[in-house]
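Using only what follows, build the 3D model:
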Amino acid sequence: MSAEADEPLTLDEACREVFRGKIKPATLRAEAARGRLEIERIGRRDFVTRAALKRMRELCRVNQREPVSGPTNSRASGMSEMERSSVAQSAALLISRELKSSLGNTPRRNTSRRQTTAPASSSSRTS
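Numbering: from 1, shown residues only. Modelled structure (predicted):
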């Protein structure tokens with residue numbers, strides 16, 4: 001590793017020099033919070049190295065999927081998304097019906113509500 005790779009850069013400098021101003025220091029702090037970037041704090045200033053930025057970029061790399069055009073062998077055969085959601089909905093409905101039937105009837109005396117009367121308001125009084 002070269003001395004330049006280990007030279008500390010402020011987050012502002014890193015944003016300007018490495019990313020040509022395309023990102024802000026807040027983005028680098030967010031990547032550090034995600035565990036993808038090592039930040040060195042000296043005093044009240046945050047620093048990164050080019051080597052740390054390179055490691056972060058490797059961790060942030062998005063794997064590209066191969067293009068899908070037409071049928072392929074890699075796709076799992078089976079139910080479509082619509083069929084899966086319909087099966088899941090049917091299963092949930094069946095479970096809810098079974099639970100409901102296992103509860104039985106609730107006696108009427110347990111479901112009645114007491115009638116409460118609201119106190120008379122001051123505007124309805126006559127003088």
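
Please, where are all the helices along this protein?
3-6, 11-17, 25-33, 50-60, 81-103 (DSSP state H).

was I right about residue 15 contacting residue 26?
No. Applying C-beta atoms under 8 Å as the test, residue 15 and residue 26 come out as separate, 9.6 Å apart. In short, each C-beta sits where N, CA and C put it, glycine included.

In terms of neighbours, single out the busier of those two.
Neighbours were counted for residue 15 and for residue 26 using other C-beta atoms under 10 Å; residue 15 has more, 20 against 10.

Show the pLDDT at the more buried one.
Turning to residue 15, the model gives it a pLDDT of 96.

With the one 10 residues further on instead?
At residue 25, the predicted lDDT confidence score is 96.

Quick check: nearest residue in space to it, chain neighbours excluded?
residue 11 (3.7 Å; C-beta to C-beta, 6 or more residues apart in numbering).

doesn't residue 30 make contact with the one you found?
No. The criterion here is C-beta under 8 Å, and residue 11 misses it with residue 30 at 11.3 Å.

Looking at these two, which one has more neighbours?
Remark: of residue 11 and residue 30, residue 11 carries more neighbours, 21 against 13, as counted by other C-beta under 10 Å.

if I pick the closest residue to residue 24 other than its chain neighbours, what's in contact with it?
In this structure, residue 24 finds its nearest non-sequential neighbour in residue 15, 6.2 Å apart by C-beta to C-beta, 6+ apart. Counting by C-beta atoms under 8 Å, 6 or more residues apart in numbering, residue 15 makes contact with 21, 22, 23, 24, 25, 27, 28.
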